[in-house]
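> 3D model of this:
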Amino acid sequence: MAKKTAKQFFKDLGIKQLFARYQTPQDNAWIESWFRILKYDWLQHKDYVSFEQIKTIIR
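The predicted model follows:
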């Protein structure tokens, strides 16, 4: 996924992107934990064909 595509994807979902300092996951531990749950518990166990399918699950 290109940067522009990811940026637009989140914007379309109404998600505001915030960035922590480089290589400091402890600054944003709650989002690191949430992303791990999203990645390993929700997204990896299914096959997706389009962004529309992912949008439906995330919403």
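> Next, count neighbours for L38.
14 (other Cβ atoms under 10 Å). Using the backbone N, CA and C atoms, a C-beta is placed for each residue, glycine as well.
> whoops, L43 was the one
13.
> I'd guessed it sits against I54; true?
Yes. Contact between L43 and I54 holds when scored by Cβ atoms under 8 Å: they sit 7.5 Å apart.
> Model confidence score at A2, please.
The per-residue pLDDT reported for A2 equals 59.
> same question, K7
pLDDT for K7: 84.
> That one and Y48, how far apart?
Distance, K7 to Y48, using Cβ to Cβ, to the nearest Å: 19 Å.
> Same check on N28?
26 Å.
> Y22 too?
For Y22, the distance to Y48 - Cβ to Cβ - is 29 Å.
> between these two, who's got more neighbours?
Y48 (11 against 5).
> Looks like the more buried one contacts T56 (just checking).
No. Contact criterion Cβ under 8 Å: Y48 and T56 do not qualify, at 9.8 Å.
> Find the helix or strand that the one residue sitting closest to the centre of the chain is a member of.
Nearest residue to the geometric centre of the chain (Cα atoms, centre = their mean): F35, 6.5 Å. Here F35 sits within helix 29-37, counting by DSSP states H and E.
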